[in-house]
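>>> Attaching a predicted model along with its sequence, questions to come.
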Amino acid sequence: MSSSTDRPRGIRTRLVTAGRNPDEQFGFINTPVYRGSTVLYPTMDALVHRKARYTYGTKGTPTIASLESAWTDLTGAAGTIIVPSGLAAVTIALMATVKAGDHVLVTDSVYQPTRHFCDTVLKRMGVEVDYFDPLIGAGIATLMRDNTTVVFTETPGSQTFEVQDVPAIAEVAHSRGAVVLLDNTWATPLFYPPHARGADIAIEAGTKYLGGHSDLLIGLVSANERWWPALRATFDAFGACAGPEDTFLALRGLRTMQLRLKEAERQALDLAAWLQTRPEVKWVLHPALPSCPGHEIWKRDFLGSSGVFSIVLQPASQKAVAAMLDGLELFGMGYSWGGFESLIIPFDCRGYRTASEWNPGGPCLRLQVGLEDLDDLKADLAEGFARLKAAD
Ligand SMILES: *Cc1c(COP(=O)(O)O)cnc(C)c1O
């Protein structure tokens, strides 16, 4: 979107204006919640030839259209679909791009439910799936086969935070006629413009930073010109439309997403730096720190870092880690992230990785840093470290 003088507008202005059309809503600022299945047509001719802006509830409403057009603007895509969860965004993007007999390459650091879908549903449909080392870059050429049609990337990796060289992977994939999918949930389009970096199709779990308040589930998939028709056709075939209330809440979240992300970035960088100084912590996996695998690529390609990162503790028993986590007062234990509250989970991906070694040499924890006071968060963790030591 640009102003009347064609000067490109800044991201904050675009977040405020994108997908809004007060003239069509009696002047009210926000597009309201449209609920509905049936859309009435004025004449038989209009009905038979679907001559209407909205044709049926599953195909879109003004609420959905507002979010679609805003996301298309922010991602620099040709079009966007909105689905009921981030996982649905992953699976519909894959269903739009694979067919029986295809070979698919997926990053070994992928969000685990994505791996589950590939290993179960895709395999059952006759699609071969191989995983690749997230740091492979242009080396992916050695894994490409004649029937490799999809390369699925996620940067940084879920839990382990390896930063991928998506431009290098995309160059190889495109030269072989394969489509590049990117799960861009961690950075969002504000910190990583997915299509400009080479992704044909970009996935966002809007459940995280777009929603921002741990109270909704939504997924968004954007595509470039080449892949938009296939993505939209697959979405229409599935009928997996997002709920009106969740779409409305996502639109509300969009207006403040940049402020919340910048604050999450600031809080997480401060906490990560503090954790680096702690004797209990062996390794901090935060893309903006040199200790993170792929940090140089983060510096080259990203516009910021969000509020989720991992740490590896010095060797400790499971009982000691439980003593640390069970007593935390501010860091809640639970999945998902991107809300206003801090979270922590233990993880261990040694059991399922197939293409790359993951032997960090100590218990691993993933942190989501919320908006609490940093001194309080540090005190909560410091008390946890004391329990860890006492229990070991
Ligand atoms: C959370 C997440 C998803 C799934 O989102 P849901 O809305 O919880 O289904 C997909 N990809 C990544 C990277 C995620 O972190």
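Ah, there it is. Numbering: from 1, shown residues only.

>>> Got the phi and psi for His103?
phi -120, psi 130 (degrees, to the nearest 10).

>>> typo on my end, Gly10
According to degrees, to the nearest 10, Gly10 has phi -70, psi 160.

>>> mind checking how far it is from Leu190?
Remark: distance between Gly10 and Leu190 (CB to CB, to the nearest Å) = 12 Å. Using the backbone N, CA and C atoms, a C-beta is placed for each residue, glycine as well.

>>> These two - which one has more neighbours?
Remark: of Gly10 and Leu190, Leu190 carries more neighbours, 19 against 10, as counted by other CB atoms under 10 Å.

>>> residues in contact with the residue of the chain found nearest the ligand?
Closest to the ligand within the chain is Gly86: 2.1 Å, counting by CB to the nearest ligand atom. Shown in contact with Gly86 (CB atoms under 8 Å, 6 or more residues apart in numbering): Thr185, Ile203, Glu204, Ala205, Gly206, Thr207, Lys208, Leu217, Ile218, Gly219.

>>> how about stretch 212-224: buried residues?
Judged by neighbour count using 16 or more other CB atoms under 10 Å, the buried positions of stretch 212-224 are Gly212, Ser214, Leu216, Leu217, Ile218, Gly219, Leu220, Val221, Ser222, Ala223, Asn224.

>>> Please read the previous query as pertaining to stretch 93-104.
Within stretch 93-104, the residues scored as buried using 16+ other CB under 10 Å are Ala93, Leu94, Met95, Ala96, Thr97, Val98, Asp102, His103, Val104.

>>> Just the contacts of Gly86: which are in strands?
Ile203, Glu204, Ala205, Gly219 (DSSP state E).

>>> Considering only these, which also neighbour the ligand?
Restricting the ones in strands among the contacts of Gly86 to those within reach of the ligand (CB under 6 Å from any ligand atom) leaves Ala205, Gly219.

>>> ChimeraX command for the buried members of the ones in strands among the contacts of Gly86?
Buried residues within these, by 16+ other CB under 10 Å, are selected in ChimeraX with:
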select :203,204,205,219
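
>>> Show me where the stretch 1-150 of the chain has its helices.
With helices called from DSSP state H, counting those that start in this stretch, the stretch 1-150 of the chain shows them at 11-17, 44-48, 62-75, 86-95, 112-117, 123-124.

>>> repeat for the stretch 151-300 of the chain
Counting by DSSP H, counting those that start in this stretch, the stretch 151-300 of the chain has helices at residues 166-175, 188-191, 228-238, 244-276, 295-301.

>>> Packing partners of the first one?
Using 3 or more CB pairs under 8 Å, 6 or more residues apart in numbering; DSSP states H and E, the elements in contact with helix 166-175 are strand 148-154, strand 179-183.

>>> circling back to that earlier point, return the member of the contacts of Gly86 nearest to Ile344.
Lys208 (15.9 Å; CB to CB).

>>> Can you pick out the most distant pair from the contacts of Gly86?
Top of the distance list for those (CB to CB): Ile203 and Leu217, 14.1 Å.

>>> Tell me the bridge partners for Thr148.
Here Thr148 shows beta-bridge partners His103, assigned using DSSP bridges.

>>> how much space between it and Phe117?
Taken as CB to CB, the span from Thr148 to Phe117 is 18 Å.

>>> Quick check, Ala77 in contact with Ser222.
Yes. Judged on CB atoms under 8 Å, Ala77 makes contact with Ser222 at a distance of 3.5 Å.

>>> which residues are common contacts for these two?
What both Ala77 and Ser222 touch, as defined by CB under 8 Å, 6+ apart, is the set Trp71, His195, Ala202.

>>> Look up how far Glu24 lies from the first one.
Using CB to CB, we find Trp71 at a distance of 19 Å from Glu24.

>>> Looking at the two, which one has more neighbours?
Shown here are Trp71 and Glu24; by other CB under 10 Å, Trp71 has more neighbours (27 against 11).

>>> Find the nearest non-adjacent residue to that one, please.
Nearest non-adjacent residue to Trp71, counting by CB to CB, 6 or more residues apart in numbering: Thr80, 4.2 Å away.

>>> my guess is that neighbour meets Leu220, correct?
Yes. With contacts counted by CB under 8 Å, Thr80 reaches Leu220, the gap being 5.7 Å.

>>> Quickly list what's touching both of these two.
With CB under 8 Å, 6+ apart, Thr80 and Leu220 have common neighbours Leu67, Trp71.

>>> Quick check: residues of the stretch 101-250 of the chain near the ligand?
Counting by CB under 6 Å from any ligand atom, the stretch 101-250 of the chain comes close to the ligand at Tyr111, Glu154, Ser158, Asp183, Thr185, Ala205, Thr207, Lys208, Leu217, Gly219.

>>> make it 8 Å
Within the stretch 101-250 of the chain, the positions near the ligand by CB under 8 Å from any ligand atom are 110-111, 113-114, 154, 158, 183, 185-186, 203, 205-208, 217-219.

>>> just the buried members of those?
The neighbour count (16+ other CB under 10 Å) marks 110-111, 114, 154, 158, 183, 185-186, 203, 205-208, 217-219 as buried among those.

>>> Pop the domain breakdown of the protein in here.
For the chain, automatic domain parsing gives the domain ranges 9-253, 258-391.

>>> Give me whichever of these is most buried.
Greatest average neighbour count among the domains of the chain goes to domain 9-253 (a mean of 19), per mean count of other CB atoms under 10 Å.

>>> before we move on, back to that, export the shared contacts of Ala77 and Ser222 as JSON lines, with columns for pLDDT.
Shown next, in JSON lines, are those (pLDDT from 0 to 100):
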{"residue": "Trp71", "pLDDT": "98"}
{"residue": "His195", "pLDDT": "98"}
{"residue": "Ala202", "pLDDT": "99"}
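
>>> Arg260 and His213 touch, don't they?
No. Between Arg260 and His213 there is no contact under CB under 8 Å: 9.4 Å.

>>> what ranges do the strands span in the stretch 251-392 of the chain?
Along the stretch 251-392 of the chain, the segments classed as strands by DSSP state E, counting those that start in this stretch run 281-285, 308-313, 343-347, 364-368.

>>> I'd say Ala223 and Ala77 touch.
Yes. Ala223 lies in contact with Ala77 (CB under 8 Å); the separation is 5.9 Å.
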